[in-house]
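A.B. asks: okay, structure incoming, though there's no sequence with it:
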């Protein structure tokens, strides 16, 4: 598969722009307090400016020494990761000939264990524009303890690294910033640059308008949703409940909704903001099904974010109580243990379908907590809707037929062939990261701006990671975090969705976008994610 | 989306070719006996020749009267159905100007209830090359009883139909043949032509090398399987168990295996031929997992046909016994009822995971039978494999880590945008059906041959439906059936798969074909299904 590559690869560090003001308020601590804590946590990095890369003639630019650079893929896969690596590699070939690029194997553990491969053209070639992270693989380990930091230091010193590129999500970029601070504090020459990766789309801010992989994953899911929609309309007898990956935030669900126009879409952030209960969500779905039945439609498509349960306070409360009870009490067959539940939790527990009750009682992670991600929310909702509709049927207020079909679209989207957008975006991220390292920057995240415009108008820069930071208080200490960006209920994308959803609910405005195209007119027409386009209009 | 259309649309009925000899032996009755019974069941149609359509100049062909034609979509969706209708419509426009095309709504019920829409260019245009059956929708009703036949007769006489095109699978085409016989026997002028539709790929024979939709569905599933493979290799920690639609035969699973090279593929027909038990299948999977663990691979992809359970004799036996017990006995909580199971069935029942035991005990269709399709075979196998691996771990013969992830790919593939192959194939089927009707044929199935060759070399003809027939004895009567074509263990596709699977099991030969492309080089390279290409080489 070919893709459009960045047309103007001649980036090098030019002027600096002022560091953006920290714009987001920590939930507990004031902005001033947070800024103060971040300044204390990152004494060597705090306050450094962001850097805008501007094209220049390669002849006129200073050409620093050959570089030794390491790159690591961290966390869950996202389409385009290989192109970030290709971008770094090509930058080094173009601008710092004779440089070396090491790929750390299996994620951050590869840094700590000094497991790496020296990447060359033959190694990289088959992975260009391909999905997956299998060129060097990924992992979820973190570099957190003093001992782990020490292993990382040993590795970068052993390999004499000038720079390290960390491709990852919010946690991994926080980690990248801590590494950068640590190296600078210890006068280790290795500089660290992050790259924004996650299909969930929850690592973004003004300077980093999108994380890579989101565009591809949403288009793969939208292809499947579109197919299921046409299926629903063709047979006229199923309600398809589609759970979509993305636990912390509902960006994927919102983007897919805007791309396909389902009858019902649940956005976790709205459920939380309105303090809705599971019963509220069920009733919302049931009411639309009733209205559709009146119009003769006994079918539909419903999108549910993977993390729905996490957004419902009463479910969180129930789970907390269950965790306590299961850790300390005997759960008797007769059900006497249920008396230990608070009234509201007991009511909710009894309201849940049996299978979900069992999942809540049985599945525990090693820390004794319910594995919320394993709860099949889509099946749970089908059962709850079914129960409510049966009541309505007995009352005579529902004459339709209800058959639910459950789907979970997740793993299918994380390693698909990247769209032209993600291929190009990732290449630019990698190329920019190379330039930032060559010009001596550290503690920045590679940032490509103006993404809703044509590629020629994109900007490439590096944003201070500390400017993305917030602090959380854990175990009596301040911990730096890059807060996940949630769906903004006042933002243009959600507002557009909210303005149209009542129409989508009743009438069928299905859009089936079909498979991602790499050449031909449609490949251009669908070049951008809708959230980006709408966001940039706002 | 555009597609390549049949380059030479100038087909009209030319010479006739002899009817093919009935080549398949009924399981109970001899070929001679079956032929005799078919002759008795179809006194008006039996023995009629097939018809080959050859290009001719539209000027020189006789131009019969304007036609009134009905078309119906019957059964489950398959990508390309709309192009069959477009093909019929265009034929009528090209060759019998002033003709009328009625689309019966919601499947065969639309014929019986005389629910139809008159199709015109504006109506058809938006559906050309699009997936789904939503232009006129489909349904699963059958025209079987004398009363239902009477309703069908009333409709075709009311609309003064010259012809009816039935787009459907094996049952629907059997039904089409019965209708054709009935109309001819009663001197009703309406002629009936079938079209081979099913994503399952089990309606095929020498003259009908493929049913439409199979190509698209397999490519959509292969896209998803390929993505999951790259995901598996990138993280290195999951075994993905993928159940694929296709209950009666395992063609889809075989085609997807040939397209993607999974580590393990279960083919139902082989399981049945080797009289394998569920334990055998589990052991086969476990052994490969053990070998892979020795090589350091704790991940993989496993394909399972939806109908696996139907192929295992011991499971069939257990289900039959359970159906009896549940219909006539009390199922006590203590489990005394289990004594009524035969030894082997009891052993199997106890071997099954709890959740599956429950599914077997609870879910019954209106006839009191287990709904086998609702059993999540992939989850069942994960649990059984897990249990066996835990034993091996305790014995010390397995040091790996096993985490299973389950997937079911089904509804996503039935209504996708048809591939260029299916678009073109369907258009030719419809165009051919129009020609067959114009030239007075009835009781034939529209057949496009030489499908593995370039489109220019395809042949278009009509094959006598009686030549595809077999008989089954039901309730003391002979009933005509088009037997489902199963995966042939001696055929070239299965043999190719069997020759490679040991290599695929141990080494990772994954192929991720990516999304279907409609333009560009890849759209041609992947124009044909592998089963077709391999089959034509045999």
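C.D. replies: That came through, no problem. Remember, it's a predicted structure, so these values are computed and weren't measured experimentally.

A.B. asks: could you use CA atoms for every contact and neighbour count after this?
C.D. replies: OK.

A.B. asks: rounded mean pLDDT for stretch A:128-145, please.
C.D. replies: In this model, stretch A:128-145 carries a mean pLDDT of 95.

A.B. asks: for stretch A:70-82, same thing?
C.D. replies: 97.

A.B. asks: name the nearest residue to residue A:235, ignoring sequence neighbours.
C.D. replies: With sequence-adjacent residues excluded and distances taken as C-alpha to C-alpha, 6 or more residues apart in numbering or on different chains, residue A:235 is closest to residue B:138, at 5.9 Å.

A.B. asks: quick one: that neighbour from residue A:236, how far?
C.D. replies: 9 Å (C-alpha to C-alpha, to the nearest Å).

A.B. asks: which one of these two is surrounded by more residues?
C.D. replies: Between residue B:138 and residue A:236, residue B:138 has the larger neighbour count (other C-alpha atoms under 10 Å in any protein chain shown), namely 28 against 19.

A.B. asks: so how far is residue A:460 from the most centrally placed residue in chain A?
C.D. replies: For chain A, the residue sitting closest to the mean C-alpha position, by C-alpha atoms, centre = their mean, is residue A:200 at 2.2 Å. Noted for residue A:200: a distance of 22 Å to residue A:460, by C-alpha to C-alpha.

A.B. asks: can you check residue A:243 too?
C.D. replies: 35 Å.

A.B. asks: got a pLDDT number for whichever residue of the stretch 251-400 of chain A sits closest to chain B?
C.D. replies: Using C-alpha to the nearest C-alpha, residue A:355 is the residue of the stretch 251-400 of chain A that sits closest to chain B, at 9.7 Å. pLDDT recorded at residue A:355 is 77.

A.B. asks: residue A:246 belongs to a strand, doesn't it?
C.D. replies: No: counting by DSSP: H, G, I helix; E, B strand; the rest coil, residue A:246 is located in no strand; its state is coil.

A.B. asks: secondary structure element for residue A:166?
C.D. replies: Element membership for residue A:166, per DSSP states H and E: strand A:163-168.

A.B. asks: and the next helix or strand along the chain from that strand, what's its mean pLDDT?
C.D. replies: Past strand A:163-168, further along toward the C-terminus, the next helix or strand under DSSP H and E is helix A:170-185. Regarding helix A:170-185, the rounded mean pLDDT is 96.

A.B. asks: immediately after helix A:170-185, which helix or strand?
C.D. replies: Heading C-terminal from helix A:170-185 (DSSP H and E), you reach strand A:191-196.

A.B. asks: and the contacts of that following strand?
C.D. replies: Strand A:191-196 is contacted by residues A:162-170, A:173, A:176-177, A:179-180, A:183-184, A:203-204, A:208, A:210-212, A:429-430, A:433, A:436-437, A:440-447 when judged by C-alpha atoms under 8 Å, 6 or more residues apart in numbering or on different chains.

A.B. asks: which positions in chain A make contact with chain B?
C.D. replies: Residues of chain A lying near chain B by C-alpha under 8 Å from any C-alpha of the partner chain: A:76-77, A:106, A:131-139, A:224-228, A:230-231, A:233-235, A:411-417, A:514-520.

A.B. asks: which of those residues fall within strands?
C.D. replies: Under the assignment DSSP state E, these contribute nothing to strands.

A.B. asks: give the buried subset of the residues you listed as a ChimeraX selection command.
C.D. replies: Selection of buried members from the residues of chain A next to chain B for ChimeraX, criterion 16 or more other C-alpha atoms under 10 Å in any protein chain shown:
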select /A:76,77,106,131,132,133,134,135,136,137,138,139,224,225,226,227,228,230,231,233,234,235,411,412,413,414,415,416,417,514,515,516,517,518,519
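
A.B. asks: which stretches in the stretch 1-150 of chain A count as helices?
C.D. replies: A:31-41, A:81-95, A:108-112, A:121-124, A:146-158 (DSSP state H, counting those that start in this stretch).

A.B. asks: check the residue lying closest to residue A:246 once chain neighbours are set aside and give its pLDDT.
C.D. replies: Nearest residue to residue A:246, sequence neighbours excluded (C-alpha to C-alpha, 6+ apart): residue A:200, at 5.0 Å. pLDDT recorded at residue A:200 is 95.
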